[in-house]
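K.L.:
Quick one, structure for this:
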Amino acid sequence: MSVTVTRRRSTAIVLGIVALLIIAAWAGHHAVETLRALDGDGTQFGLLFTIGFAFIVLQTILYFLERPVAAWPWHEKLVLDKLHVTVPVPVYNEDPELLRRCLWSLLEQERRPNLVYVVDDGSDLAKVDYGQIYREFGRAARLAGVEARWVRTANQGKRHAQGVVFADTSDTDIYVTVDSDALLDRRAIRELLRPFRSEKVQSVAGIVVASNVDKNWLTRLTDLWFVTAQLVTRSGLSAVGSVLVNSGPLAAYRAAVCRDNLDGYLNESFMGRRVSFSDDSMLTLYAKMRGRTVQQPSAVVLSAMPETVSHHARQYVRWMRGSFIRSCWRARYLPMTEVAFWLHALTWVQMLVSSMLVIALFVVAPLAGVGLAPWMLVVTAAIGLMQAFRYMTYRRSDVSLGSQLLTLAMFPLAVMWAFFFLRGIRWYGILTCWKTGWGTRQTVEVRAETTVAEAEDPQRALVAA
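P.N.:
Below is the predicted model:
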C-alpha cells in the first residue's frame with residue numbers, strides 16, 4: 001500500500017483572500033471598540049477582545065508565510081541522499097495489520113530509509129502476534145535494500161524503546177520517528193529531509209491526518225481540529241523556525257539531538273515522578289535549544305485517531321499534562337532572546353484571556369442576568385471558519401470531496417468542542433500534571449478494519465491541494 005501527495009497553490013491563494021477579508025471585517029469592529037474603550041465608553045471586554053484579535057492577526061500572518069522547503073537537485077543528490085536515515089518503530093499492543101501497513105509504507109518510500117529498527121516494547125503476546133509480520137518484513141526489507149532489525153524488550157515505555165535504537169545506531173545522521181500505526185505518504189521521508197539543507201535546522205515536523213476519518217463523527221471532528229491546528233498554530237511557529245511540538249507519527253531529527261540528550265530523555269522527572277509521555281515535545285525542545293525547528297507541510301502521514309470519547313479524552317489529558325510540564329521546561333531553558341520564548345508566552349496569555357472570557361460570558365454574565373451579544377458568537381464562528389478552511393488545502397483520494405466537505409461543515413461543532421470540552425480537559429490535565437503515567441494502549445484500541453478503507457487500487461493517494 002502506498003500514498004502520494006501533490007500540492008496546488010491556487011486553493012491556498014483563494015483561501016488566503018477569504019481569510020484576509022474576514023480579518024479586515026473583524027479588525028474594523030475591534031478598532032472601533034478599542035477607541036470607545038479608551039474613551040471610557042467601550043464594552044467591558046473590549047480590551048480583552050482586542051488583545052485576542054492582535055494575537056490571531058499575528059498568527060495568521062505567520063502561517064501564511066510558511067512554504068514547503070524544496071531541495072536543490074545537486075544538493076539532494078550529493079548531500080541529502082547520502083544521509084544515513086534510521087526509522088525507530090516502537091511497538092506496544094498495536095493492531096498487527098496497522099503495524100504491517102506502517103512497515104510496508106516505509107519500504108515503499110521514494111527515498112527509502114537505510115535502517116528500520118522495530119522495538120517491541122513488551123506487547124501482550126496473548127493479545128497480539130507479530131510473528132508472521134516479523135518474518136515477512138525481514139524478507140521484504142532485504143529485497144528493498146533496507147536493513148531491518150527487530151528486538152523485543154520488557155515494557156518500559158516508548159522513550160525506552162526509542163532509546164534502544166538511539167544507543168545502537170552510531171552511524172545514523174537523521175532519525176525519522178514514527179508511530180506504529182503510521183501510514184506514510186510515498187514521498188514523506190524525502191520531503192522531511194529537504195529542510196535539513198540548512199545546517200541550522202535541527203528537527204522537522206510532518207503533517208498528520210486521520211486514516212480513519214470516515215469512521216464516525218468523533219474521528220471527523222478530530223481530523224478537522226488536528227489538521228487545522230497543525231496548519232495554523234504550528235505553521236505560524238514554523239515560519240520563524242520555532243516549532244515547539246512535533247507529532248509522533250512523523251518527525252525527523254538530527255542524530256546528535258537524540259544521542260547527546262539520551263540520558264535526560266530517558267530519565268526525565270517532574271515533581272519526583274518519572275515522565276513517560278510527551279516524548280515528541282521533549283525531543284523538539286532539545287532540537288530548539290540547538291537551532292531551528294520547522295514543519296514541512298508537504299510531508300504527510302496517515303494515523304489512526306481515537307474512535308471513542310473515552311480514548312479521545314484520555315489521549316488529550318495525557319497531551320495536556322505533557323504540555324504543561326514541557327511549558328515549565330521551556331520557561332526555564334529557552335533564552336528570553338529567542339522568538340520561541342515569547343511566542344510560547346503569548347499562547348499562555350491567549351489561553352488565560354480566552355478562559356477568562358468563557359467564564360465571564362457563559363457563567364458570570366448569565367448569573368448576573370446580562371444577555372450575550374450575538375456578534376460575539378458570530379466572531380467566534382468566523383474565526384473558526386477562517387482557520388478551518390486550511391483543512392481544505394489537503395485533498396485525499398481515499399476520501400471523497402463530499403466526505404471532506406462534510407467534515408469541514410462540522411467546524412461549528414469543532415469550535416464548540418475545543419471551546420468547552422477540550423478546554424475543560426486542558427485545565428484538568430494541568431491540575432493533575434503529577435500523574436505521569438501513559439494512560440492508554442493497555443490493549444488494542446483501534447483496529448485496521450476501522451481505518452483506511454480497502455479500494456480496488458491498493459495505491460491509495462493523498463492529494464494535497
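K.L.:
Spatially central residue in the protein, please.
P.N.:
Among the residues of the chain, the smallest C-alpha distance to the mean C-alpha position (Cα atoms, centre = their mean) belongs to Ser247, namely 4.0 Å.
K.L.:
surely that one meets Asp279?
P.N.:
No. Assessed by Cβ atoms under 8 Å, Ser247 is found out of contact with Asp279, at 11.3 Å. (Glycine included, C-beta is placed from N, CA and C.)
K.L.:
Could you list every helix and strand in contact with whichever helix or strand Val358 is part of?
P.N.:
Taking DSSP states H and E as the criterion, Val358 maps to helix 339-359. Other helices and strands packing on helix 339-359, by 3 or more Cβ pairs under 8 Å, 6 or more residues apart in numbering; DSSP states H and E, are helix 46-65, helix 235-239, helix 309-333, helix 423-431.
K.L.:
three-state assignment of the residue nearest to the centre of the chain?
P.N.:
coil (DSSP: H, G, I helix; E, B strand; the rest coil).
K.L.:
Could you list everything the closest residue to it other than its chain neighbours pairs with in the sheet?
P.N.:
When the adjacent residues along the chain are set aside, Ser247 lies closest to Val208, with 4.7 Å between them (Cβ to Cβ, 6 or more residues apart in numbering). On the basis of DSSP bridges, Val208 is bridged to Val301.
K.L.:
quick one: contacts for Val208?
P.N.:
Taking Cβ atoms under 8 Å, 6 or more residues apart in numbering as the criterion, Val208 is in contact with Phe226, Val227, Gln230, Ser247, Pro249, Leu250, Val300, Val301, Leu302, Ser303.
K.L.:
same thing but at 10 Å, please
P.N.:
179, 182, 223, 226-227, 230, 246-251, 300-303, 305 (Cβ atoms under 10 Å, 6 or more residues apart in numbering).
K.L.:
same check, this time on Tyr134
P.N.:
By Cβ under 10 Å, 6+ apart, Tyr134 lies in contact with Leu103, Val118, Asp120, Ala148, Trp150, Arg152.
K.L.:
just to revisit the earlier point, what angle separates the helix holding Val358 from helix 309-333?
P.N.:
130 degrees (axes from the mean of the first three to the mean of the last three Cα atoms, to 10 degrees).
K.L.:
returning to that earlier point: what touches both of Ser247 and Asp279?
P.N.:
By Cβ under 10 Å, 6+ apart, the residues touching both Ser247 and Asp279 are Thr177.
K.L.:
so where's the stretch 151-300 of the chain shaky on pLDDT?
P.N.:
The model of the stretch 151-300 of the chain has no residue with pLDDT under 70.
K.L.:
mind listing the helices for it?
P.N.:
Defined through DSSP state H, counting those that start in this stretch, the helices belonging to the stretch 151-300 of the chain, from first to last, are 158-167, 188-193, 217-229, 235-239, 255-260, 262-266, 279-288.
K.L.:
count of residues packed around the spatially closest residue to Val164 that is not a sequence neighbour?
P.N.:
Beyond its immediate neighbours in the sequence, the residue positioned closest to Val164 (Cβ to Cβ, 6+ apart) is Val119, lying 5.1 Å away. Residues lying near Val119 (other Cβ atoms under 10 Å) number 24.
K.L.:
just Val69 next, same as before
P.N.:
As a burial measure, the neighbour count of Val69 was computed by other Cβ under 10 Å and equals 21.
K.L.:
so it makes contact with Ser298?
P.N.:
Yes. Counting by Cβ atoms under 10 Å, Val69 sits close enough to Ser298 to count as a contact (8.3 Å).
K.L.:
which residues do these two both contact?
P.N.:
Glu191, Leu192, Arg194.
K.L.:
Just the closest of those residues to Gly429, please.
P.N.:
For these, the residue nearest Gly429 by Cβ to Cβ is Leu192; the value is 29.3 Å.
K.L.:
Would you confirm that the closest one contacts Val204?
P.N.:
Yes. With the criterion set as Cβ under 10 Å, Leu192 and Val204 qualify as a contacting pair; they are 5.1 Å apart.
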